[in-house]
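Trainee: Task: produce atomic coordinates for the following.
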Amino acid sequence: MTLEAALCDHWASAPALSALLPVEKLATGLVRGAGTPCAQLVPGACRTAAITNAPGGLEEIDFAFHVWHEDYEAAQAIADAIRAAFHRADLQISPQTQAVRIGQKGRSARQLPDGLWELRIEFQALVHRTGA
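Mentor: Below you'll find the predicted structure:
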């Protein structure tokens, strides 16, 4: 399993978040014609956090969720539910890989020219790999 798949599974298993926006409305690629409300998981930078002689290692991986909604308050409620589900979460990605210390890095909102609201919730995960 990948970090992306683990994040999607975690979204689906978060009742409060899934009630506001089902995981089927979460895109991991290009968002076109999805209708609103919808969200997108956007990967970010990946950096080595620690180098050791042991197999595996530690990486810092950035990712963000973008949420689009016509209603600002509803978009904020989804963003709050995303934070509640992911901030300080630990995710098992595979038997040898775990995302630990997921933390929110930032949050922003903007209104697009067509009146649609876009919220961005940024996170960073420390991913621990324990071998091949």
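
Trainee: mind checking the backbone torsions on F86?
Mentor: F86 has phi and psi values of phi -110, psi -30 when expressed as degrees, to the nearest 10.

Trainee: That one and F123 touch, don't they?
Mentor: Yes. Counting by Cβ atoms under 8 Å, F86 does reach F123; the two are 5.9 Å apart. C-beta: built from backbone N, CA, C; applies to glycine.

Trainee: any residues in contact with both of these two?
Mentor: Common contacts of F86 and F123 (Cβ atoms under 8 Å, 6 or more residues apart in numbering): I102, Q104.

Trainee: what sits against A89?
Mentor: Taking Cβ under 8 Å, 6+ apart, one finds H10, A99, I102 in contact with A89.

Trainee: neighbouring contacts of the lowest-mean-pLDDT helix or strand in the chain?
Mentor: Ranked by mean pLDDT, DSSP states H and E, the weakest helix or strand in the chain is strand 38-50, scoring a mean of 92. Contacts of strand 38-50 from elsewhere in the structure, counted by Cβ under 8 Å, 6+ apart, are 4, 7-8, 21, 25-28, 31, 57-68, 78, 82, 122, 126.
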